[in-house]
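Q: I would like the atomic coordinates for the input below:
(one chain, ligands or ions: 2)
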Amino acid sequence: MFSLMANCCNWLKRWREPVRKVTLVMVGLDNAGKTATVKGIQGESPEDVAPTVGFSKIDLKQGRFEVTIFDLGGGKRIRGIWKNYYAEAYGIIFVVDSSDTERMEETKETMTEVLRHPRISGKPVLVS
Ligand SMILES: Nc1nc2c(ncn2[C@@H]2O[C@H](COP(=O)(O)OP(=O)(O)OP(=O)(O)O)[C@@H](O)[C@H]2O)c(=O)[nH]1
Ligand SMILES: [Mg+2]
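A: Residues are numbered from 1 along each chain as shown. Ligands and ions are numbered 1, 2, ... in the order given. The predicted structure follows:
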């Protein structure tokens, strides 16, 4: 009986919890697999993805979290837009293509620059 009441209290507590909005920014070199990863999360086939020009916005619901992911284009010439999304990001996802050994140095430099940015430092980072 006690455990039933405790369960009900927990359920009520959770039910009263407000929906929380979380914004994540996904970055990484072009061709790293950012868009394919997002498609995988959405249960879609990660094949046949075109390079992202600018950004794409994905809205997901995970429990009481409303998650918005900004999947940003990773091409060298569009990396300049990344910083425009940092302020609203709760955290970032940095996608690395571990099979692209030739571009590891570029990956390292790019990641270092992202992590050093004042609007990113101290925020959660997931390297995928
Ligand atoms: N087999 C396989 N292919 C993958 C995987 N991840 C990505 N790819 C392929 O790699 C290519 C590039 O993936 P994208 O997801 O477009 O890469 P991106 O990081 O979004 O690239 P940009 O939008 O240009 O910044 C696509 O042809 C994908 O199908 C993976 O885990 N396995
Ligand atoms: Mg993409």
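Q: What residue, apart from its backbone neighbours, is nearest G73 spatially?
A: Here the nearest residue to G73 in space, its sequence neighbours aside, is T52; by Cβ to Cβ, 6 or more residues apart in numbering that works out to 4.0 Å. Using the backbone N, CA and C atoms, a C-beta is placed for each residue, glycine as well.
Q: What pLDDT does the model give that neighbour?
A: pLDDT for T52: 96.
Q: does ligand 2 sit close to the host helix or strand of D71?
A: Secondary structure from DSSP states H and E places D71 in strand 65-72. No: residues of strand 65-72 contacting ligand 2 under Cβ under 5 Å from the ion: none, with a closest distance of 5.8 Å.
Q: So what touches that strand?
A: For strand 65-72, the external contacting residues (Cβ atoms under 8 Å, 6 or more residues apart in numbering) are 19-27, 34-35, 38, 52, 54-61, 78, 81-82, 85, 89, 93.
Q: repeat for stretch 105-115
A: With Cβ under 8 Å, 6+ apart, stretch 105-115 has contacts from 27-29, 32, 79, 82, 92, 94, 96, 100, 120-121, 125, 127.
Q: among these, which ones are buried?
A: Burial of these was assessed by neighbour count (16 or more other Cβ atoms under 10 Å); the buried members are 27-29, 32, 79, 82, 92, 94, 96, 120.
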